[in-house]
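Novice: My questions concern the predicted model and sequence given below.
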Amino acid sequence: IPSSNPAETLSASADFFRRHYPQEQGYTALGIATFGPVGLNPNKPQSYGRILPGSPKREWRNVDVLTPLLRACSSEDGAAVPVHRIDTDVNAPAMAEFKYHNTQIIGDDDTKSSSRLSSLAYVTVGTGIGVGLIVNSKPVHGMMHPEGGHVPIIPLPGGSNAADFGYSWGEKSPFGGKNTVEGTACSVALTERL
């Protein structure tokens with residue numbers, strides 16, 4: 001499904017789920033991994049399942065991602081609602097990698113315990129820099145999701161205009177997107193600099 005504006009993208013996604021609805025048992029689970037920041041606390045219904053106001057993707061701010069997809073995956077009468085979970089597009093694959101690794105362990109008990117993970121960091125580099133963290137077998141959530149892109153960096157002396165590294169939509173991010181991991185290495189910053 002091509003990504004366009006929120007209404008078109010969510011409508012096309014919901015249509016896909018409705019067209020493929022399993023008639024016998026319906027959908028039993030729905031997992032959504034989305035760019036963020038996204039509201040992840042189900043005890044905060046005003047933000048749960050919504051792209052939060054701080055998103056650099058302005059047209060997606062405050063958009064409810066969860067409800068239209070959950071409706072499309074529920075029975076027509078709304079009585080059968082699948083188990084569902086929403087997380088960031090870095091925490092979801094971090095948890096998948098974590099679970100996959102821990103289910104693939106073979107060997108004797110000594111080997112298993114020493115190679116079993118309790119924590120994991122998953123880093124993505126794209127339009128931003130994302131970090132998914134699993135600590136003590138649970139994804140890290142809190143006030144915001146873990147943020148690796150806005151970590152400040154100190155330019156090396158004599159570096160090539162490192163003080164100018166940044167990107168056009170970084171102005172609202174910490175440090176204005178200047179001298180940060182994301183302002184130096186994300187695809188937007190690299191494209192604008194080249």
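Specialist: Thanks, I have the structure now.
Novice: the bottom helix or strand of the chain by mean pLDDT?
Specialist: helix 109-115 (a mean of 62; mean pLDDT, DSSP states H and E).
Novice: which is the next helix or strand following that helix?
Specialist: Counting by DSSP states H and E, the element after helix 109-115 in chain order, helix or strand, is strand 120-125.
Novice: can you give me the helices for the chain?
Specialist: For the chain, the helices defined by DSSP state H cover 6-19, 66-73, 91-103, 109-115, 181-185, 187-193.
Novice: Can you tell me which of those is most buried?
Specialist: helix 181-185 (a mean of 22; mean count of other CB atoms under 10 Å). C-beta coordinates here come from the backbone N, C-alpha and C atoms, glycine included.
Novice: Pull the residues that contact that helix.
Specialist: 125, 128-129, 148-151, 153, 162, 165-167, 170, 173, 175, 177, 189 (CB atoms under 8 Å, 6 or more residues apart in numbering).
Novice: In a markdown table: the helices of the chain, plus distance to Asn43.
Specialist: Formatted as a markdown table, these follow (distance: least, CB to CB, whole Å):
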| stretch | distance to Asn43 |
| --- | --- |
| helix 6-19 | 24 |
| helix 66-73 | 14 |
| helix 91-103 | 18 |
| helix 109-115 | 35 |
| helix 181-185 | 30 |
| helix 187-193 | 34 |
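Novice: quick one, which of the ones you listed is nearest to Leu40?
Specialist: Closest to Leu40 of these is helix 91-103 (CB to CB; 8.5 Å).
Novice: coming back round to it: of all the helices of the chain, which one comes closest to Tyr48?
Specialist: That would be, of those and by CB to CB, helix 66-73, which comes in at 7.0 Å.
Novice: what's the angle between that closest one and helix 6-19?
Specialist: 20 degrees (axes from the mean of the first three to the mean of the last three CA atoms, to 10 degrees).
Novice: and helix 66-73, how far out from the chain's middle?
Specialist: 18 Å (CA atoms, centre = their mean, to the nearest Å).
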